[in-house]
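Novice: What follows is a predicted protein model with its sequence.
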Amino acid sequence: SQSACLLGTVLLVSLAGCAGDKSILDPAGPAARDVRLIWWVMLVFATLVLIGVTVLWLYAFKPRNVVRTPAQERRIARRWIIGGGIMLPVASIITLLMFGVSAGQRMLPLPLGEPPEVIEVIGHQWWWEVRYPGAQGGEVITANQLVMPAGEPVDFHVSSADVIHAFWVPRLGGKIDMLPGRVNKIRLEADEPAVFGAQCAELCGVGHAHMQLHVEAVPRREFDAWLTARQEVVLRELAVADATHDGARDAFKTHCASCHQIAGVSQGGIGPTLSDVGGRAMLGAGVIAMEEGAVSRWLQHHQTLKPSNKMPDHGDVETDTLDALGAWLEALSP
Ligand code: CUA
């Protein structure tokens, strides 16, 4: 009964992985439904193969008294090799290939009558840069959050600034490698407005597990409004933040500006842009939730919260200054 209990626990734990915002078994778009179908086909198929092989294996132990000539033995062996070793695998691989190719086809960015929205995603150790080159009034850049229109195909152009990462929104479709010096493209669609989890799917160093992306599919109109807010509201928020948090902008310029960009303040391109950081759901690429005081907490403890992240420790900066910086950054919330 102990082993039955263990088996039960293993099953429960593995089933727990089937729910949640990163489950391929809970698809939220056409490409993801294909992936789920392949998953089930492969599971059923692999189970049949396992059962078949086990039965044959047990059958081999069966004692028998038949005496065969070497020629008969060879004929039987040849039949098994040709049937079970060649024909069966070829037939199964071709069947799986047909499923795989049709699913892959759907994720290809083939020409459409109405060109889809293009979103560029660039992997960094260990965060995501997200760009909207098609935004009216100039490109919009954000980080660690991806807002996309729901109910229409979206083309993701992915690449990397350093090592190989992989872009993967499990509930929307397959994963795709993000390679330095090359742009890979994948077309995904969210059926309805929803929030999805995404995760870097290629081991990319110490912070790999902490490279999560918050994906939000919203109605088209809301999406357009969101883009406009990045361009207009960001600067307005900045003026308000400056007025209410005296001296914080100077502290930012001293300690942060060489790495972080904020529209109208700094050009730093090493760390994530912070123009709209206060409006994001998470900090540190999914490490802590954004709430009051979160930025200051992050600034003080980021090396513990996300070990080895590339931002220098801020032990040399006064806590008051970090608090002021945090409050100012949180105010940048279009
Ligand atoms: Cu980036 Cu793993």
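Specialist: Great, that's in hand.
Novice: List phi and psi for R68.
Specialist: Here is the backbone geometry of R68 (degrees, to the nearest 10): phi -120, psi 150.
Novice: For it, give its distance to the ligand.
Specialist: 56 Å (CB to the nearest ligand atom, to the nearest Å). The way it works is simple: take the backbone N, C-alpha and C, and place the C-beta from them, glycine included.
Novice: give the contact list for that residue.
Specialist: I76 (CB atoms under 8 Å, 6 or more residues apart in numbering).
Novice: Could you list the residues of the stretch 151-300 of the chain in contact with the ligand?
Specialist: 165, 200, 202-204, 208, 211 (CB under 6 Å from any ligand atom).
Novice: next one: stretch 210-224 to chain centre, how far?
Specialist: Its chain's C-alpha centre lies 12 Å from the corresponding centre of stretch 210-224 when counted by CA atoms, centre = their mean, to the nearest Å.
Novice: what do you get for stretch 314-321?
Specialist: Offset of stretch 314-321 from its chain centre (CA atoms, centre = their mean): 33 Å.
Novice: where's the strand or helix carrying G123 relative to the chain centroid, distance-wise?
Specialist: Using DSSP states H and E, G123 falls within strand 117-124. Its chain's C-alpha centre and that of strand 117-124 lie 12 Å apart, by CA atoms, centre = their mean.
Novice: quick one: is that strand near the ligand?
Specialist: Yes: contact of strand 117-124 with the ligand (CB under 6 Å from any ligand atom) involves G123.
Novice: What lies in contact with that strand?
Specialist: Taking CB under 8 Å, 6+ apart as the rule, strand 117-124 contacts 128-134, 146, 148-149, 152, 154-162, 165-167, 178, 200, 204, 211, 213, 223, 272.
Novice: And D250, what's its pLDDT?
Specialist: Here, the pLDDT recorded for D250 equals 89.
Novice: What segments of the stretch 151-300 of the chain are helices?
Specialist: Using DSSP state H, counting those that start in this stretch, the helices found in the stretch 151-300 of the chain span residues 220-231, 233-244, 248-255, 294-305.
Novice: Could I get those in CSV, plus columns for mean neighbour count and distance to A28?
Specialist: Converted to CSV, those look like this (neighbours: other CB atoms under 10 Å; distance: least, CB to CB, whole Å):
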stretch, mean neighbour count, distance to A28
helix 220-231, 16, 16
helix 233-244, 15, 29
helix 248-255, 17, 38
helix 294-305, 18, 28
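Novice: rank those by pLDDT, which is bottom?
Specialist: The bottom spot among those, by mean pLDDT, belongs to helix 233-244, with a mean of 83.
Novice: Extract the CA atoms of that helix and return them as CSV.
Specialist: Output of helix 233-244 as CSV, limited to C-alpha atoms (Å, rounded to 0.1, in the frame of the first residue of the first chain):
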residue,chain,number,x,y,z
VAL,A,233,0.7,59.6,-20.2
VAL,A,234,4.2,58.5,-19.4
LEU,A,235,5.5,62.1,-19.6
ARG,A,236,2.6,63.5,-17.7
GLU,A,237,3.1,61.0,-14.9
LEU,A,238,6.7,61.9,-14.8
ALA,A,239,5.9,65.6,-14.2
VAL,A,240,3.6,64.6,-11.4
ALA,A,241,6.1,62.2,-9.9
ASP,A,242,8.8,65.0,-10.0
ALA,A,243,6.5,67.4,-8.3
THR,A,244,5.5,65.1,-5.4
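Novice: Which strands or helices does it pack on?
Specialist: Using 3 or more CB pairs under 8 Å, 6 or more residues apart in numbering; DSSP states H and E, the elements in contact with helix 233-244 are helix 248-255.
Novice: who touches the closest residue to D162 other than its chain neighbours in this structure?
Specialist: Of all residues not flanking D162 in the chain, Q125 sits nearest, at 5.3 Å (CB to CB, 6 or more residues apart in numbering). With contact taken as CB under 8 Å, 6+ apart, Q125 is in contact with 162-163, 204-205, 207, 310.
Novice: I'd like to know which of the residues you listed is nearest to the ligand.
Specialist: Here the nearest of the contacts of Q125 to the ligand, counting by CB to the nearest ligand atom, is C204; it sits at 3.3 Å.
Novice: Tell me which residues touch the closest one, please.
Specialist: Contacts of C204 by CB under 8 Å, 6+ apart are 123, 125-126, 163-165, 211.
Novice: just the buried members of the contacts of Q125?
Specialist: Buried by 16 or more other CB atoms under 10 Å: 163, 204, 207, out of those.
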